Structure formats: C-alpha cells, structure tokens
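Q: quick one: sequence plus predicted model below, questions after.
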Amino acid sequence: MVKTDEEIEGAVNPTLNPFRLQPVEIVGLKQVTSDVKTYTLRLADGSHFRFLPGQFNMVSVIGIGEAAISMSSDPDELEAIERGTWQHTVRQVGNVTKALDRLQVGDRFFIRGPYGNGWPPGYPLQRVGASRDLAVIAGGVGLAPLRPVVCRRLARKTGRLEILYGARTPEDMLFRDEFRTWAQGGARLMLTADKIADGADWPYRVGLVTALLDEMEILPGQGHIFVCGPEVMMKSVVRELTERGWPPEEVFLSLERRMECGQKTCGRCQVDAVYVCQDGPVFSYAVVKELLGVDI
Amino acid sequence: MPRKVMQGLAGEDAVVERTVFNDIVTGLQERGYTVYGTVNEKGAGIFRPLGDAGEFSLRCTGGTMPPKDLWYPPFETLFTYDRQTGEFHTDIEETRHAVFGIRPCDVHALLALDEVFLGGEYQDPYYRARRVDLPLIVFNCVEAGDTCFCSSMGTGPGLDHDYDLLITDLGRSNGEGSERFLLEVGSSRGGELARGLRGEAAVDEDYQVKKRRLQETAAGERITLNTGDLPRLMHNGHDHPYWREVTDKCFGCANCTSVCPTCYCADIFDETDFSLRETRRKRRWSWCFLVEFGAVHGGNFREERIDRLRQFMQHKLNFSMGQYGFFHCVGCGRCIVWCPANIDIAQTGRVIRGDA
C-alpha cells in the first residue's frame, strides 16, 4: 500500500536536516609535521560536541567543499570537556585540507557529524573487553584516529598497551612530543621509519611497520589489535598477524574511502554490501577479508 | 453474472474505457498536481507534464528514461550560503507531482530509493519533500519490451502493492468493441480519484483476464535471469574470466548508470557565483563508472575499468541484497538499450552464475 502522508511524516522529523552545518571556531593550532596541523576546535554556539574514538566529521570550507576527517583527541579528557573542545589532526593534501591550512586561531569553518561507528567498544555487535591488552599499529597519519584510543587507555590504566608506529621519515611522525608521556604512562612504543637521513640520530628501526611485529609482547588470545594506515600497509600487517596466529575477529581496521555525505546516501564509500561511512569505518578483519573490492 | 453498470463509481475496482484516463488526469490536476506521463516524442517515450491524457502514449512501456528525476533530480541545491552575512538559506519545497503511467518496475525502483533516502538513520529531507505527496497511477504491462526482464527480477509485469490506481489493459471483448481497462484502487487517495468515474463494477472474469494477460507478458520476455541464490553465486564469481571479456567491450561511458532507475550515487560540491556573494552547496548524480568515483588522495580504489564495471553489476545483482534485502536491478532493461557496446547485465548474470 502507498504510505500515507502521515506515515512518511511520522518517520522523519522534518526540522532536522542532516546536511545542516555547525560553525566551529579554531581555538588552538599546532604544527605537527611540515604538512600536518592539529586544530583545536569548539562549536561556535558553545554547545558540547560528543563523539567516539575513531569517528569522523565532514569538515567544510564553504566554497571549497567537504572532506571526511577523523577526530584525533580523547573525547573523555576532562579539561577538553570543560572547555568544550576537541581536535582534528589534518595533513594538507587536497583542496579542503589546503584551505584549512590557511586558517588562523579565531577563524571559523563548518562541520557536520560525528559519523561512523568508531573503534571498539563503539564497533557494533562486538563487545571488546576494555581491560584486555591492546596493540595499536599505525602508518603515517593513520595514528591520528588512534590517538583517542591511546589517550583513553593510558587514562584508564587497564591492560597493556603497545604502539607500533611507522612513517616515511622520523620527521613525518605525528605526536612525537607526546611519545615520552605515552611511554611514562605505561605504553610500549615501537617506532620505525621507512628511511632516515644520512647521519641522523635515530635509535629506532628503519623499515616497514611489519618489521616491528616481532617485538610485540602481546600475544594472540591476550587482547586486540587496532590498525590504521594506507591499505597496502594494512594488507601486509594483517597477513603477518594471521601468520602469527591472530584470529581475524580480534584485529580491527579503519578503512578509507571517498565520502560525500557520511549518511549512506551518496553511495561513494560502498564496498561490497557495506557503507564505510556508517557501517564502518572500523571493521574487524573477519569482516574485511570477506569483502569484495578490498585488497586486504 | 450480469454486470452492474455504474454512472458514477463509488471508488472501487471497475472496468473502464480509455476516456476515463482524461478524467483521472483532470482529477489530479484539479487537486493541484502536475501530472507526468509518458509521451511519445520522436520515437522516444519521455515522462513530461501532460496537458491532457490525449498526449499520453500507452505504447512506451516504461519510457526511454525512468521518471526518477521527479523524486531525485540530477542537480539540486542543498543550501545557499550568503558570504556577506554568513547566513544559510535552505529551500525545501514539497512538490506535488503525480505520475500517470508509471510501470511496476519503476515503482519497485522508487521503493528501492525510499529505502536509501528515508530508510536509514538519516532521512533526506530533499527527497522526502518530493516523495511525501506523489500519487502513482500505475499501468501493468501487457506487452514486454525487447529488453524487459522484470518477471525474472520479481518486479513485474504486474504490481500488487504501492499504487494509488492500477490500470490493466484487458483488450477488447472477443477482439471487438471498445478497449476495456481494469481499474484497481490501492489507497484512499486512489479511491478519491476513482469516485464518480464512469465504468462497470469489476467481476471475477476481469481479474482472470488480467492474470492471463500478465502471464502472457511474462512468458513473452525474451531476457531471463534466474535469481535463485544469485548473490552467493555472484560473490563466488567475482574473479570469473567473463568479467574481463565484458570489460574489453565496455567504453566506460556510464550510460547504463545514467538511465538506471535505482542508481542514487552522488557528488556533493560547492559552487560560488562570480560576484562572490553566494555559495551554493549542490548535489548531482554521479556514477561508479567514472574514473574519479573511487579516487582519494594518493590512489584510486577502482582504478581499472573491470573494477568499475564489476561494482555496477555486483551492486545490482549481489551487494544490494546484503544492503537492503532486495535487488537494485528491477529488470527494466534500460541499461541494455543504452549500452553502445551491447553489454547485457542479465547475460552477464547468467554467465557468472553458470547458466550460459
């Protein structure tokens, strides 16, 4: 039967437009690497912005466009909650991110969000014990969406935390000035760079992030692994984790896809029968390995 | 059984003559609707506003293009931003379109888009404004087009839900006399429209004729696709060598996705006027066949044409089932008509599933 007007009316709240933008003000700026900045933001209307680690916003610079960018700060940090602030850590690579790069403290832009499921325990249908051990494996700017997880785990002081992080060069590493705090907080940090300058002072590894897997102390059955980085990096990481006996249900990946809406309607992020924007971006490897069209 | 001749129907099923079409179109227009119907223009069946039902062509089957743009236009403005004042202006106007002569396949396609735009966590207010008051006067198909395979997809040639009025051509009695159409009422809105029309109360025999004509139409479809277990078979056939064979013929022109009644992919982009006073955020159709569709910084998730072609067909015959519980292919055959390389999605499905 044809739905009556009332049925359709009743199904939606006509006053809510999911494309409505919220103005945000930049209250802090920090150069993280030569092409990465962390923006500390608050909503211009003073209301509080809530999100889960691993979720993202559609960030708008009007006249330029929108880009999907994950939150990089701990949503439960008391000081940030009091100030109503959160952070995005952004590498300038496209039109929108380059336009963001020209903004200063006090400038405004727009967001809509948060979108996506986030890392476990936000991940649907999957309860991951918060007290179990956790290893995060990141490549390049892939550490940004994992920073909320790292901060949360350190604040809770539950379970072991290992961070395996690789970047093209030591200078491309995000959050270097926080590594000491993370280590003092109890995290085991393992670092590697694809290449280093001749004569550089680099007491860590040189090579791909997979080279760090042998140094892991957390073993299969003891906890979970969260992975974020380029797809080619995630592919070699999960292959080696599988060889080491990690069950695919305990390894979680954050997928990247082009997104225009974040609301399952633009179709751009479809992979097999999932929409990365809302069903993800975080999926267990058990799900990812069955998806057609993902080379992981 | 003697027929009850009605001077003015009370809003129930009836057998009517063609003259009633005009009464229905007029009735809709009097209620403030712009009535769209298939009009034969230079050999193509185009959905456009009808002046009266005389312009309506019954022989267009589903139309060369689907009526999708009535509820999902190729371009639309989501909002306007005034760069001087910093104010946003959103203009969502509820349209009053009616479709006269939409076919069962296209109704199924509309229901598919309802799930996309209104069935999830976020309801699209722009789509909703065009959908909320949209009378559908559906024509069952009594003749199969050359590329139709709706009976395979379970979307036609007859419809039994989601219509306001449903019209089936019953032909002429014994091949003589005037044309007779079975008019079925599917909603209170349809009942309102049928009230007062001239006709005869429908009897069992009329429904039998309808049933027989629909069976004949289904049997006359030259294209078939067995959809039993199709998603699993398509999944398993993702690396079938036939994909390469089809890809080698494909121009990557995106005609198929442009004419598909269920395709909904979009770009969202900003457009600033030359005076720099206003920026409009717009949405326009996009297609998985375009190279840039899957591009992100530093790469493209569907760089090769075979990946894009497979995405289109896998989405229609496999992924949509996992997403929404039904196929996003309604068997309308337009992608086959419009393909300059004669690529046939049903043929591809048959080969991948192992039937050809």
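A: Nice, thanks for sending it over.
Q: and for residue B:216, the neighbour number?
A: A count of nearby residues for residue B:216, using other C-beta atoms under 10 Å in any protein chain shown, gives 13. Where C-beta positions appear, they are placed from N, C-alpha and C, glycine not excepted.
Q: mind checking how far it is from residue B:106?
A: Look at residue B:216 and residue B:106: by C-beta to C-beta, to the nearest Å, they are 21 Å apart.
Q: for chain A, what's the nearest residue on the stretch 201-350 of chain B?
A: Residue of the stretch 201-350 of chain B nearest chain A, by C-beta to the nearest C-beta: residue B:322 (2.7 Å).
Q: scan chain A for its longest strand.
A: In terms of residue count, the longest strand belonging to chain A (DSSP state E) is strand A:22-33.
Q: which other helices and strands does the following helix or strand past that one contact?
A: Using DSSP states H and E, the helix or strand that follows strand A:22-33 in sequence is strand A:36-43. If contacts are counted by 3 or more C-beta pairs under 8 Å, 6 or more residues apart in numbering or on different chains; DSSP states H and E, strand A:36-43 sits against strand A:22-33, strand A:85-91, helix A:95-101.
Q: for the residue of the stretch 201-350 of chain B closest to chain A, what are phi and psi?
A: Taking degrees, to the nearest 10, you get phi -70, psi -30 for the backbone angles of residue B:322.
Q: right, and it touches residue B:231 too?
A: Yes - assessed by C-beta atoms under 8 Å, residue B:322 is found in contact with residue B:231 at 6.8 Å.
Q: more neighbours, those two?
A: For residue B:322 versus residue B:231, neighbours defined as other C-beta under 10 Å are more numerous around residue B:231 (17 against 12).
Q: now that one: which helix or strand?
A: Remark: residue B:231 resides in helix B:230-236, with elements defined by DSSP H and E.
Q: list the buried ones in that helix?
A: B:230, B:231, B:233, B:234, B:235 (16 or more other C-beta atoms under 10 Å in any protein chain shown).
Q: tabulate these (a markdown table), appending pLDDT and distance to chain A.
A: Listed next are those as a markdown table, based on pLDDT from 0 to 100; distance: C-beta to the nearest C-beta, whole Å:
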| residue | pLDDT | distance to chain A |
| --- | --- | --- |
| B:230 | 97 | 14 |
| B:231 | 97 | 9 |
| B:233 | 97 | 13 |
| B:234 | 97 | 9 |
| B:235 | 96 | 7 |
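Q: who touches the longest helix seen in chain A?
A: With DSSP state H applied, the helix covering the greatest number of residues in chain A is identified as helix A:231-243. Under the contact criterion C-beta atoms under 8 Å, 6 or more residues apart in numbering or on different chains, helix A:231-243 has outside partners A:137, A:139, A:142, A:166, A:208-210, A:213, A:225, A:227-229, A:248, A:251, A:253, A:255-256, A:285, A:288-289, A:294-296, B:299.
Q: partners of the helix or strand following it in the sheet?
A: Heading C-terminal from helix A:231-243, the first helix or strand you meet, by DSSP H and E, is strand A:251-254. Strands that pair with strand A:251-254, judged by DSSP bridges, come out as strand A:223-228 (parallel), strand A:282-284 (antiparallel).
Q: ok, the helix or strand just after strand A:251-254 near chain B or not?
A: Next helix or strand after strand A:251-254 toward the C-terminus (DSSP H and E): strand A:270-271. Yes - counting by C-beta under 8 Å from any C-beta of the partner chain, chain B has neighbours in strand A:270-271: residue A:270.
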